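Asks: Next one to model:
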Amino acid sequence: MKNTKVQKWLEERDIKLEESFTDALKNLAKNYQREHGIKNIDHVYSLIGLKKQYLSYWAKNPLNLQTKKLQTQCYI
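Replies: Reported below is the predicted structural model:
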């Protein structure tokens, strides 16, 4: 089943799904681009300190967090 068919089926039944973080960020960037007349979406991403590669990584790995392991020392 294609995404458009799924979306149509959900709309017919008035079911609303939450938007993923990456989709929401892309939509906000596109709206900002349109409102401010910016030609390149990469420029919008650079304004907020992102790269398109980050968005694609987050879209492919929604449950994976990149974290740095902190080392702490305990002084007693």
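Asks: The spatially most central residue of the chain: what secondary structure?
Replies: Most central in the chain under Cα atoms, centre = their mean is residue 22, positioned 1.1 Å from the mean C-alpha point. Secondary structure, DSSP: H, G, I helix; E, B strand; the rest coil: residue 22 is helix.
Asks: same check, this time on residue 38
Replies: Classification of residue 38 by three-state DSSP places it in coil.
Asks: now the strands: where do they sit in the protein?
Replies: For the chain, no strands turn up when DSSP state E is the criterion.
Asks: by contact count, what packs against the helix or strand bottoming out on mean pLDDT in the chain?
Replies: Least confident helix or strand of the chain, by mean pLDDT, DSSP states H and E, is helix 3-12 with a mean of 84. Contacts defined by 3 or more Cβ pairs under 8 Å, 6 or more residues apart in numbering; DSSP states H and E place helix 3-12 against no helix or strand at all. Just so you know, the C-beta spots here come from the backbone N, C-alpha and C atoms, and that holds for glycine as well.
Asks: picking that back up, who are the contact partners of the residue nearest to the centre of the chain?
Replies: Residue 22 is in contact with 55, 58-59, 62, counting by Cβ atoms under 8 Å, 6 or more residues apart in numbering.
Asks: sorry, back to before: show me the contact partners of the least confident helix or strand of the chain.
Replies: With contact meaning Cβ under 8 Å, 6+ apart, helix 3-12 is reached by 16-17.
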